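In: what follows is a predicted structure for the sequence shown.
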Amino acid sequence: MPSCKEEEFPTGAMCCPKCRPGYRVQEACGELRTTVCEPCTRGTYTAHLNGLPECLPCRVCDPGTEWQDTLCEDCQPGTFSAGGTQAACTPWTRCSGPFARGDACGTSSSDVTCSSWGPLSICVIISFISLVIFIAVISVSAVLRAIRDRRSRSLQEPLVPSGLRSQLSHPRHLSGSVPQIERRSGVPGVGLPV
């Protein structure tokens, strides 16, 4: 391959003159002819001297010209364009649905990445809720059993009037006879004989 000047491009064993900006090589030079250049078609361009067989495509912001590529701006916040073009900006995807969330934030050139919790995440949540319910049932059962046992113990103790209870707990203070316990009727202040 030959070493060519800056304004030339190599073709086979020869160096041919490059096409000017806005043109492409239609036919490379030969021994008896120079390079044949053709203008770029609408929507394509070349910005420099070149030996390109095809013009480069313009990006889709504004039409561009045959001498200059399109000038593009970033998309507005909340929108994106995969090609980075303002004319084709589209709103970011809104993640919706049960358990949907955004994994990656959107940029001016990329959309939001959405995902939903997978089956494993749902299984973990269901297992956790089941564990909480199980612990709650065990706790309530333990409290109810303690209440029932307390009531059962209080029902097993004999009913003894408080004055007699203190005398029974200290038997040396008892006189020879045990006082008679009055039976009471349902009417206050009226006692029934024993």
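Out: Cool, the structure landed. Numbers count the residues shown, from 1 in each chain.
In: which stretches of this structure form helices?
Out: Using DSSP state H, the helices of the chain run over 119-156, 162-169.
In: lowest-confidence stretch among these?
Out: Note on the helices of the chain: lowest mean pLDDT is at helix 162-169, with a mean of 58.
In: one step back: same list (the helices of the chain) but as a markdown table, adding mean neighbour count and distance to Pro17.
Out: Where you see a C-beta, it was placed from the backbone N, CA and C, and this is true even at glycine. What follows is the helices of the chain, written out as a markdown table (neighbours: other C-beta atoms under 10 Å; distance: least, C-beta to C-beta, whole Å):
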| stretch | mean neighbour count | distance to Pro17 |
| --- | --- | --- |
| helix 119-156 | 10 | 65 |
| helix 162-169 | 11 | 125 |
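In: can you lay out the ones you listed as TSV showing distance to Glu54?
Out: TSV is the format used below for these (distance: least, C-beta to C-beta, whole Å):
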stretch	distance to Glu54
helix 119-156	50
helix 162-169	112
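In: ok, which of the ones you listed comes nearest Trp92?
Out: Among those, helix 119-156 comes nearest to Trp92, with 23.6 Å by C-beta to C-beta.
In: what about the closest residue to Glu8 other than its chain neighbours, how many neighbours?
Out: Spatial nearest neighbour of Glu8, chain neighbours left out: Cys15 (4.1 Å); criterion: C-beta to C-beta, 6 or more residues apart in numbering. Look at Cys15: counted by other C-beta atoms under 10 Å, it has 18 neighbours.
In: please name the bridge partners of Cys15.
Out: For Cys15, the beta-bridge partners are Pro10 (DSSP bridges).
In: that one contacts Glu6, doesn't it?
Out: No: assessed by C-beta atoms under 8 Å, Cys15 is found out of contact with Glu6, at 10.7 Å.
In: show me where this protein has its strands.
Out: Under the criterion DSSP state E, the chain contains strands at 8-11, 14-17, 23-27, 36-39, 44-45, 56-57, 79-80, 90-91, 100-104, 113-116, 183-184, 191-192.
In: dump the ones you listed to CSV, plus distance to Ala136.
Out: What follows is the strands of the chain, written out as CSV (distance: least, C-beta to C-beta, whole Å):
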stretch, distance to Ala136
strand 8-11, 81
strand 14-17, 86
strand 23-27, 77
strand 36-39, 81
strand 44-45, 71
strand 56-57, 66
strand 79-80, 47
strand 90-91, 45
strand 100-104, 29
strand 113-116, 29
strand 183-184, 46
strand 191-192, 51
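In: now those strands in TSV, with mean pLDDT and distance to Arg153?
Out: TSV is the format used below for the strands of the chain (pLDDT from 0 to 100; distance: least, C-beta to C-beta, whole Å):
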stretch	mean pLDDT	distance to Arg153
strand 8-11	94	106
strand 14-17	95	111
strand 23-27	95	103
strand 36-39	94	107
strand 44-45	83	97
strand 56-57	84	92
strand 79-80	76	73
strand 90-91	79	71
strand 100-104	56	55
strand 113-116	69	55
strand 183-184	52	26
strand 191-192	52	30
